[in-house]
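Colleague: Need coordinates for the below:
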Amino acid sequence: MFIVGGTSAGSPQWAGIIALANQARANLGKSLIGGNLNPTLYNIYHSARYATDFHDITVGNDIVSGSTVGYSAGTGYDLASGIGTPIVDQLIVDLAAA
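Modeller: Alright, predicted model coming up:
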């Protein structure tokens, strides 16, 4: 058994999300999303759309078994889960509109 996660799993998933958002943007005649996505994601985080676009992870942690190093999840931004996990179909709508 081995653990898979972190950027090894997250990066390709986010690449797929952005590809779908760019397809939606192209269909609307908008330019593609490129470069630094963080300002757009944090604008959503600070908006009323946050609860529609992300699951806020409030329980659990990223501590590997047998270790004491890691962080616990909590309400809002936390070091274990960031701003949460995307609700992809809703997030794409907002990324297309951004």
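Colleague: from memory residue 98 sits against residue 39, does it?
Modeller: No. Residue 98 lies out of contact with residue 39 (Cβ atoms under 8 Å); the separation is 9.7 Å. Using the backbone N, CA and C atoms, a C-beta is placed for each residue, glycine as well.
Colleague: Who has more neighbours out of the two?
Modeller: Between residue 98 and residue 39, residue 98 has the larger neighbour count (other Cβ atoms under 10 Å), namely 15 against 10.
Colleague: Surely residue 21 touches residue 90?
Modeller: No. The criterion here is Cβ under 8 Å, and residue 21 misses it with residue 90 at 11.4 Å.
Colleague: Determine the number of other residues adjacent to residue 36.
Modeller: Quick note: residue 36 (other Cβ under 10 Å) scores 8 neighbours.
Colleague: so who does it touch?
Modeller: Counting by Cβ atoms under 8 Å, 6 or more residues apart in numbering, residue 36 touches no other residue.
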